[in-house]
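Colleague: Take this sequence and fold it.
(chains A and B)
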There are 2 protein chains.
Amino acid sequence: MHRTVIIGGGFGGLYAARGLRSPDVHVTLLDRRNFHLFQPLLYQVATGALSPSDIAAPLRVLLRKQKNAEVLLAEALDLDPARRRVTLDRGEDVPYDTLVVATGATNFYFGHNEWESIAPGLKGIEDATRIRHKVLYAFEAAEREPDPDLRRRWLTFVIVGAGPTGVELSGALAEIANDALRNEFRSIRPEESRIYLLDAAPRVLTAYSEALSHSAERQLVRLGVQVRPSVRVNEIDAEGVTFAGPRGTERIESRTVLWAAGVKVSPWTEILARRAGAELTRSGQVRVDPDLSLPSNPSIFVVGDLAFYEQRGKPLPGIAPVAIQEGRYVAKVIQARLSGRTVKPFHYFDKGQLAVIGRNAGVGVIGGVEVRGWIAWFVWLFVHLMYLAQAFNRFLVFLRWGYQYATFYRGARLITGGSPAEQPVKEETLK
Amino acid sequence: MHRTVIIGGGFGGLYAARGLRSPDVHVTLLDRRNFHLFQPLLYQVATGALSPSDIAAPLRVLLRKQKNAEVLLAEALDLDPARRRVTLDRGEDVPYDTLVVATGATNFYFGHNEWESIAPGLKGIEDATRIRHKVLYAFEAAEREPDPDLRRRWLTFVIVGAGPTGVELSGALAEIANDALRNEFRSIRPEESRIYLLDAAPRVLTAYSEALSHSAERQLVRLGVQVRPSVRVNEIDAEGVTFAGPRGTERIESRTVLWAAGVKVSPWTEILARRAGAELTRSGQVRVDPDLSLPSNPSIFVVGDLAFYEQRGKPLPGIAPVAIQEGRYVAKVIQARLSGRTVKPFHYFDKGQLAVIGRNAGVGVIGGVEVRGWIAWFVWLFVHLMYLAQAFNRFLVFLRWGYQYATFYRGARLITGGSPAEQPVKEETLK
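Modeller: Predicted coordinates:
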């Protein structure tokens, strides 16, 4: 029995586990969480459109019928490649013949870790409910606030980072302000909210062509989002953001700043470097061989955001389709090795890429063809529904989206997890 | 304009607000949360059958079309009946002509507040996700645990209190262990879990007749629940429960103890006693006049769990139908007073009462007729669906129940909110 240990139940790890169906292989999937999270829809949880359980499927359920696979709720802390063992959080060792590391990425604040408590990023379920709390609470606080200046701060939202997550968040925020909350407040008018989208790059969605990028910007502006490219954030505090750009140094007073500007790979890259001789790139990723194993240790594979793999001279991006294909590929390599076969080098097949901006709005490339507006939006909906891991979740999300499209209603608008006082706002400004 | 301030957006407060539709009345509904919670289904969130947003509806949405009503996310801290003002958490005063206090109840540990961190009760959404975390984590920890003795502690569940909440929780736990987790684990067999239901009373569900109570016990035993009546809990710690009963002093080693034994009314009763001369009963409830106002201050009404009101010599129980009818009644009284009319004393119309035990299992009284088994279960499902505040939630819950009935699948099984280390388990026992 060939023991394969997979660290991480995200796209890379889950698809590797599912690919390892050979009865000669035993699979142990380790994750700190008991669920697989469909990250591409996480911003919809953060903006109250979906409920956490809609996009999270228990790993045990997903692997229930695969009798050669077991799931352990555990954190993997260390590695001993000589003895081929992974050390878990309670000190126990798990032996492996092949190891797959798929621990993904977390938010990165470019050395300003103090910004994390003010400007949450969007990586896990808790991040999403924290952002939901912050956004919904801002409207509630504004409704109670008699001072027009403070009220404006509550109704000003700043998103730092205009990649897909930042664009999707700001579009959804605009829809909340313009439509979802309509007629619900008595003192404020949510549609007077101001939403700023900042980025260091000269345009939004730099992964796309200039034409698509400008189309995305126009669609954002139509929703009321103020796009501020080519700016560098100097400071984030509880009362706003200071940044430098073409118009000099500016400040936006805001009580709700969200972070979508950077991610960094998980600390497992350093464990791999220290213990197994992995070579890290400047971005901290792990250089892998054409079969996605470590050059220094062929029994360790690295997939997903962690892996640095160039194709046609360009590194593959940290997106779900890359992780899925890498996970599936690694499962194939492991099983081929067992039967003495060889497998061609990994090749990412780019089906396309899409970013949704709002109702009937989006941009993307499908099979090499650029799309925008409602076509991009519609294909995005369809593709994301199809990739949800569970049929019942697919059905629920489909219903929620249909209902929301018809009524603008966002069904998951709970402010939970602690009293408003836990908001990172200075006490004296609450008066 | 007659200013009515309502404190609390539970059943009593919400139905009072909805009843106050006269254009001569202005309604301000205060709540610390932005949602109305359908508490009777809370145990289904705690056991992974429903998602929090399925049973929580934003108060703003519920009152959006009622133009004379406003909602404030705020905590009411004090009262000045002479100036007719309520003081909120930021120090601001809200003036009222009529005040309705509907702040409900919280868990009560009979003086053992130290048990709260070990044995969570089930009152709010956070309680429910905390219990869900504890229950699901217990199975995960057992799967990892090599020591058979510790493993047994993880697979032993104790519910203290055999009222409706305790009965529903233990029935749902039995279904999780027997059905929902089937074939998902490799080292443990969840169906070997042991579930104990303790109560000080000689039988479960003392609000019902002896015949129904015995039927409920038989239905619980059929699910595998061990019912232990007539016991007195002496100690709860991280490793188990000690109690005295007919068999002497006993101890159950368990890492998952849930509390369903007692509630106490909110601190607002004491504010009413101190500031407005309200008379409190031994249970801490507020004695009210036949029109549910304070004898000492007719412009203050008290509804729901807070109010002590006797009918045919028996105090009304702290259940949703009583709070709903009291809320509606108070709205009628306030509007009648404005037009100089009088209203008959409050009379609770008892449509019946139901407790569900599990799939096709339950007991209840409907229109004076005792029912049990699948009829009780079916009527329970129907009634609870009908009373959910929002049509779309009704539809979603209906779908989830239907899917669960067919497949045993519980869709909302996330372990969120902090790492397993936050579990109240001594560090040295984690080895």
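
Colleague: Run through the helices of the stretch 151-300 of chain A in chain order.
Modeller: A:164-175, A:210-222, A:268-276 (DSSP state H, counting those that start in this stretch).

Colleague: cool, the stretch 301-431 of chain A as well?
Modeller: Going by DSSP H, counting those that start in this stretch, the stretch 301-431 of chain A shows helices at A:320-338, A:374-387, A:391-407.

Colleague: got the buried residues for the shortest one?
Modeller: Using 16 or more other Cβ atoms under 10 Å in any protein chain shown as the test for burial, helix A:374-387 gives A:375-377, A:379-381, A:383-384. Backbone N, C-alpha and C define where each C-beta goes, glycine included.

Colleague: For it, what is the distance to the chain centroid?
Modeller: 17 Å (Cα atoms, centre = their mean, to the nearest Å).

Colleague: Just list what it packs against, helices and strands only.
Modeller: strand A:352-358, strand A:361-366, helix A:391-407 (3 or more Cβ pairs under 8 Å, 6 or more residues apart in numbering or on different chains; DSSP states H and E).

Colleague: can we see that at 10 Å?
Modeller: helix A:210-222, helix A:320-338, strand A:352-358, strand A:361-366, strand A:369-372, helix A:391-407 (3 or more Cβ pairs under 10 Å, 6 or more residues apart in numbering or on different chains; DSSP states H and E).

Colleague: ok, now the last one?
Modeller: The elements that helix A:391-407 packs onto, with contact taken as 3+ Cβ pairs under 10 Å, 6+ apart, are helix A:42-46, strand A:56-58, helix A:374-387, helix B:391-407.

Colleague: next one: the first one
Modeller: The criterion is 3+ Cβ pairs under 10 Å, 6+ apart, and the helices and strands that helix A:320-338 contacts are strand A:2-7, helix A:11-19, strand A:25-31, strand A:98-101, strand A:293-294, strand A:297-302, strand A:307-308, helix A:374-387.

Colleague: Is it correct that A:Ala46 is in contact with A:Leu173?
Modeller: Yes: A:Ala46 is in contact with A:Leu173 according to Cβ atoms under 10 Å; the separation is 9.3 Å.

Colleague: that older thread, can you say which of the helices and strands packed on helix A:391-407 is nearest to A:Glu126?
Modeller: helix A:42-46 (10.4 Å; Cβ to Cβ).

Colleague: what's the average pLDDT for the closest one?
Modeller: For helix A:42-46, mean pLDDT is 95.

Colleague: got it, and stretch A:394-403?
Modeller: The pLDDT scores in stretch A:394-403 average 87.

Colleague: Pull out the buried residues from it.
Modeller: A:394, A:396-397, A:399-401, A:403.

Colleague: distance between that stretch and the chain's centre?
Modeller: With Cα atoms, centre = their mean, you get 21 Å for stretch A:394-403.

Colleague: before we move on, back to that, export the helices and strands packed on helix A:391-407 to JSON lines and tack on distance to A:Asn68?
Modeller: JSON lines is the format used below for those (distance: least, Cβ to Cβ, whole Å):
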{"stretch": "helix A:42-46", "distance to A:Asn68": "30"}
{"stretch": "strand A:56-58", "distance to A:Asn68": "18"}
{"stretch": "helix A:374-387", "distance to A:Asn68": "24"}
{"stretch": "helix B:391-407", "distance to A:Asn68": "23"}
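
Colleague: Please report how far A:Glu184 lies from A:Glu145.
Modeller: Separation of A:Glu184 from A:Glu145 (Cβ to Cβ, to the nearest Å): 16 Å.

Colleague: Same question for A:Arg218.
Modeller: A:Arg218 is 33 Å from A:Glu145, by Cβ to Cβ.

Colleague: Neighbour count for these two, which is higher?
Modeller: With neighbours defined as other Cβ atoms under 10 Å in any protein chain shown, A:Arg218 and A:Glu145 compare such that A:Glu145 has more, 20 against 13.

Colleague: returning to what we had before: now for A:Ala46 and A:Leu173: what residues contact both?
Modeller: A:131, A:135, A:258 (Cβ atoms under 10 Å, 6 or more residues apart in numbering or on different chains).

Colleague: just the residues you listed now: which is nearest B:Pro295?
Modeller: Closest to B:Pro295, out of all of the shared contacts of A:Ala46 and A:Leu173 and judged by Cβ to Cβ, is A:Val135, at 45.2 Å.
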